[in-house]
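> task: produce atomic coordinates for the following.
(chains A and B)
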Amino acid sequence: MDVLYFAWVRERIGIPREKVVSDAATVGDLVNELRAREDRYAVAFADLSALRVAVDQVLGDFDAPLDGVREVAFFPPMTGG
Amino acid sequence: MRVVVQQAPFDLGKEMANFTVGHGDNGAIVTFTGVVRDLPGTPMQAMEIEHYPGMTEAALAEMAQQASKRFSLGDVLVIHRFGRLKPGEMIMMVATAARHRKSAFDAAEFLMDYLKSRAPFWKREITEEGADWVASKDADEAALDRWKVDPDQGG
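Next up is the predicted model:
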């Protein structure tokens, strides 16, 4: 699946998007897999309360299942308007 | 209904003039315009707005549809820019048309409240001291609470 990062999450991880092959069942499981990869992921995902997630471009939560999902995005709380 | 996400500036006068055309049955049109505000103290060189192409358009369309339904709007327009903007530049606008003014005002506020914290935009303020991501405010999240009551249930 495609994993996208925005704003300071993108800056901390260092890339805007990447392909991730994963058997993670939920968004939370995917986060744990990414955290275990490298420090920059662990730093970006240190405090999940500071993060929001979109699953196939719809706001979701960290319990959301990933079965059949094509795109997951992580970002800080939005500041539009 | 029209939702636009663009980098280029928009012509507020032209947009407002176009929006009023063909709305004879709507007695009230409300518009709101958001402008890049300079910082107190250190002058801001620019504001950079990042967004999530694809999701942004879908999220704004969903908000516009909800506003339309909830406030029985005759029409609704949302324009939001991204990229590098200078203080004083217009970031975004909403326009709502309804039979009466309360619905038009309420719908504009509803749209602004949701846009602030549910549309995937992220602002960064650039000064000579560096670049800072704008933090979301608790008040922005709290502003959504008043819309969570079903209007048919007396909210």
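
> so which residue is dead centre in chain B?
Taking C-alpha atoms, centre = their mean, the centroid of chain B lies closest to B:Met112, which sits 4.7 Å from it.

> what does the host helix or strand of that residue contact?
Here B:Met112 sits within helix B:101-118, counting by DSSP states H and E. Applying C-beta atoms under 8 Å, 6 or more residues apart in numbering or on different chains, the external contacts of helix B:101-118 come out as A:59, A:77-81, B:26-32, B:59-60, B:63-64, B:66-68, B:70-73, B:76, B:78, B:80, B:92, B:94-98, B:136, B:140-141, B:143-144, B:147. Using the backbone N, CA and C atoms, a C-beta is placed for each residue, glycine as well.

> I'd like to know which of the residues you listed are buried.
Neighbour-count burial (16 or more other C-beta atoms under 10 Å in any protein chain shown) applied to those gives A:77-81, B:26, B:28-32, B:59-60, B:63-64, B:66-68, B:70-71, B:73, B:76, B:78, B:80, B:92, B:94-98, B:136, B:140, B:143, B:147.

> inside helices: which ones of these?
Residues of the buried ones among the contacts of helix B:101-118 located in helices (DSSP state H): B:59-60, B:63-64, B:66-68, B:70, B:140, B:143.

> would you map the strands across the chain?
No chain in the question, so chain A it is. Per DSSP state E, chain A carries strands over the ranges A:2-5, A:17-19, A:52-55, A:58-60, A:71-75.

> looking at chain B here, not the other one
Ranges of strands within chain B are B:2-6, B:28-35, B:44-51, B:75-81, B:83-85, B:90-98, B:121-127, B:130-133, based on DSSP E.

> quick one: closest of the ones you listed to A:Met1.
Evaluated with C-beta to C-beta, these place strand B:44-51 nearest to A:Met1, the distance being 20.9 Å.

> given that closest one, what are its sheet partners and their directions?
strand B:83-85 (antiparallel), strand B:121-127 (antiparallel) (DSSP bridges).

> list the contacts for the residue located most distally from the centre of chain B?
Ranked by distance from the centre of chain B (C-alpha atoms, centre = their mean), the top residue is B:Glu129, with 28.9 Å. If a contact means C-beta under 8 Å, 6+ apart, then B:Glu129 has B:Thr42 as its contacts.

> and the closest residue to B:Thr20 other than its chain neighbours, how far from B:Ser117?
Nearest non-adjacent residue to B:Thr20, counting by C-beta to C-beta, 6 or more residues apart in numbering or on different chains: B:Ile29, 5.9 Å away. Going from B:Ile29 to B:Ser117 by C-beta to C-beta, to the nearest Å gives 26 Å.

> for B:Ala59, same thing?
Distance of B:Ala59 to B:Ser117, given as C-beta to C-beta: 11 Å.

> orientation of the top helix by length along chain A relative to strand A:71-75 in degrees?
If you go by DSSP H, chain A has its longest helix at helix A:27-37. Here helix A:27-37 runs at an angle of 70 degrees relative to strand A:71-75 (axes from the mean of the first three to the mean of the last three C-alpha atoms, to 10 degrees).
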